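Colleague: generate a structure from the sequence data that follows.
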Amino acid sequence: MENYGVIILGAGNSSRLGQPKQLLMYKGRTLICQMAEEAIEAVGSPVVLVTGANAPQILEKLCGFAIEIVENDHWIEGMGSSISTGMKTLVKHEGLAGVIIMVCDQPFVNAALLRQLMDQQLIAGKGIIACTYDNTAGTPVLFTNTYFDALTALEGQEGAKRILQQSTDDLALVPFPLGALDIDTAEDYQRLLTGQVLADDN
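Modeller: Here you go, the predicted model:
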């Protein structure tokens, strides 16, 4: 298996939720700790967490994790700036075949899914392996190292979606129906806690 790194995007201020979504509890873990644990299980290292808003509270929950933490001082500019911040730390590690980019609010992401992305890259030979749900391609998403420069150059609100849209010939997909749930609102979180999202998926 090739060596991959992971970037976990956890810099947002959760404005629609009204509290840091990174610290929401699900099955005995905060979402941010879940993402860190699953990433470490899948790739070992490097795992880079990008913080921004609410960084002190988030860091309190991460003691002991073998991850690198970098703060994006410009988090308010958008996801592109956080991806770029994470990449600038990740590329210090030589010999990586690629990177998996994760967000912190998809509670059904696990190490098995991340390994499936890596396996699919070997099978398909494509430079981008994205999860697919709700008729879209999105996170978690794997980029091989040929895309490192493009990811590092992202700015502002411009996430990696544009790279996917411009690279459809180099894209393979992994079905992940439960990826459609991300925790943006209190209603989303309630659906998660009550199991309603699982019922909807069935």
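Colleague: the bottom helix or strand of the chain by mean pLDDT?
Modeller: The weakest-scoring helix or strand in the chain, judged by mean pLDDT, DSSP states H and E, is helix 196-201 (a mean of 54).
Colleague: now do stretch 90-100: distance to the chain's middle.
Modeller: 15 Å (C-alpha atoms, centre = their mean, to the nearest Å).
Colleague: now do that stretch: everything it contacts.
Modeller: 2-7, 39, 42-43, 46, 48, 87, 114, 117-118, 121, 140-145, 147-148, 151-152 (C-beta atoms under 8 Å, 6 or more residues apart in numbering). Placement of C-beta: from N, CA and C, glycine included.
Colleague: buried set for stretch 72-83?
Modeller: Asn72, His74, Trp75, Glu77, Gly78, Met79, Gly80, Ser81, Ser82, Ile83 (16 or more other C-beta atoms under 10 Å).
Colleague: and what of stretch 116-125?
Modeller: Gln116, Leu117, Met118, Gln120, Gln121.
Colleague: next one: stretch 135-144
Modeller: Quick answer for stretch 135-144 (16+ other C-beta under 10 Å): Ala137, Gly138, Thr139, Pro140, Val141, Leu142, Phe143, Thr144.
Colleague: send me that stretch as CSV with only the CA atoms.
Modeller: Only the C-alpha atoms of stretch 135-144 are listed here, as CSV (Å, rounded to 0.1, in the frame of the first residue of the first chain):
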residue,chain,number,x,y,z
ASN,A,135,-25.9,13.0,-6.8
THR,A,136,-22.6,14.8,-6.1
ALA,A,137,-19.0,13.9,-5.6
GLY,A,138,-17.4,15.1,-2.3
THR,A,139,-15.5,14.4,0.8
PRO,A,140,-13.8,12.4,1.9
VAL,A,141,-11.8,12.7,-1.3
LEU,A,142,-8.4,11.4,-2.2
PHE,A,143,-6.0,13.3,-4.5
THR,A,144,-2.7,11.8,-5.7
